[in-house]
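> Test case, fold it:
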Amino acid sequence: MSSLAQTMVGSALLPEISASEQAETQHGVPAQGLVSRLRGVPKSALKTVLGKELGERAWRHARGRARWPEASIADEEMVAGLIRHLGQQAAGELAKAGKQAKYVRLTVWHQNGQSESARCRLAKLTQNAAEISAGAQQLFCSLGSPAGTVQSVDLDVTTVASTVSDLAPVPSWLTAHPQAVGA
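Coordinates of the predicted model:
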């Protein structure tokens, strides 16, 4: 079995910015948690990775432009959005390759350089992004690490072929009729 889809959302997406930049916002409300590190990321990238609604909210919050009475975005919601995106990418790659996911492994890298990893078998073979994401989200919850320390997330999917290959024809030497000896 091989790992087909590995996607990483890391330091390029979550750039480090200084404390003074974090405090500097247009409306005086500094973004907090993971959102505070998204300040320089383009809106289109956030909408692609986190989904239209969450990406739009994250973009506004990172720039201090949250709409009233819009609540702040929890770090757990941000990580769930990243995992959902990775699941969608994995499902797309599986469909292209004509394979099914059997296992999911999630590796979480933290700001301090430490990493944690967990692996689980999916309930059934699948190419469904929601099922892959749900398995990865369960793994994240089982790790028990705080979402606010996440630097990047890796999602690996172990696959199997989605179709059974056609049976090969029986070699002719196995079907040959023996000739009578001495005839």
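> burial measure for His85, as a count.
Summarising burial for His85: neighbours were counted as other C-beta atoms under 10 Å, giving 22. Heads up, the C-betas are built off the backbone N, CA and C, glycines and all.
> That one contacts Leu46, doesn't it?
No - no contact is recorded between His85 and Leu46 when judged using C-beta atoms under 8 Å, the distance being 10.4 Å.
> Would you mind measuring from Ser44 to Ala129?
With distances taken as C-beta to C-beta, to the nearest Å, Ser44 is found 21 Å from Ala129.
> Arg37 too?
Applying C-beta to C-beta, the value for Arg37 to Ala129 is 26 Å.
> re earlier: ok, Ser44 and Ala129, which is more surrounded?
Set side by side, Ser44 and Ala129 give different neighbour counts by other C-beta under 10 Å, the larger being at Ala129 (20 against 10).
> residues in contact with the more buried one?
For Ala129, the contacting residues are Arg84, Gly87, Gln88, Ala90, Ala91, Gly92, by C-beta atoms under 8 Å, 6 or more residues apart in numbering.
> Could you verify my assumption that the first one touches Ser133?
Yes - the pair Arg84 and Ser133 qualifies as a contact (C-beta under 8 Å) at a distance of 4.9 Å.
> and the residue positioned nearest the centre of the chain, what element?
Geometric centre of the chain, nearest residue: Leu86, 2.3 Å, by C-alpha atoms, centre = their mean. Assigned by DSSP states H and E, Leu86 belongs to helix 75-97.
> where along the chain do the strands fall?
3-9, 99-110, 115-126, 150-161 (DSSP state E).
> if I look at Gln89, how far off is Thr48?
Using C-beta to C-beta, we find Gln89 at a distance of 10 Å from Thr48.
> neighbour-wise, which of these two wins?
Looking at Gln89 and Thr48 with other C-beta under 10 Å, you find the greater number of neighbours at Gln89, namely 19 against 12.
> So what's the residue count around Tyr103?
As a burial measure, Tyr103 scores 16 neighbours (other C-beta under 10 Å).
> Specify the beta-bridge partners of it.
Each beta-bridge partner of Tyr103 is listed here: Arg121, Thr158, as defined by DSSP bridges.
> how close does Val150 sit to Val157?
In this structure, Val150 and Val157 are separated by 20 Å, where distance is defined by C-beta to C-beta.
> These two: which is more packed in?
Higher neighbour count among Val150 and Val157: Val157, with 30 against 23, using other C-beta under 10 Å.
> My read is that the more buried one contacts Ala101, right?
Yes - taking contacts as C-beta under 8 Å, Val157 lies within contact range of Ala101: 4.6 Å.
> Which neighbours do these two have in common?
Taking C-beta under 8 Å, 6+ apart as the contact rule, Val157 and Ala101 both touch Ala90, Leu94, Ile132.
> which one of the residues you listed is nearest Pro69?
Using C-beta to C-beta, Ile132 is the member of these that lies nearest Pro69, at 34.3 Å.
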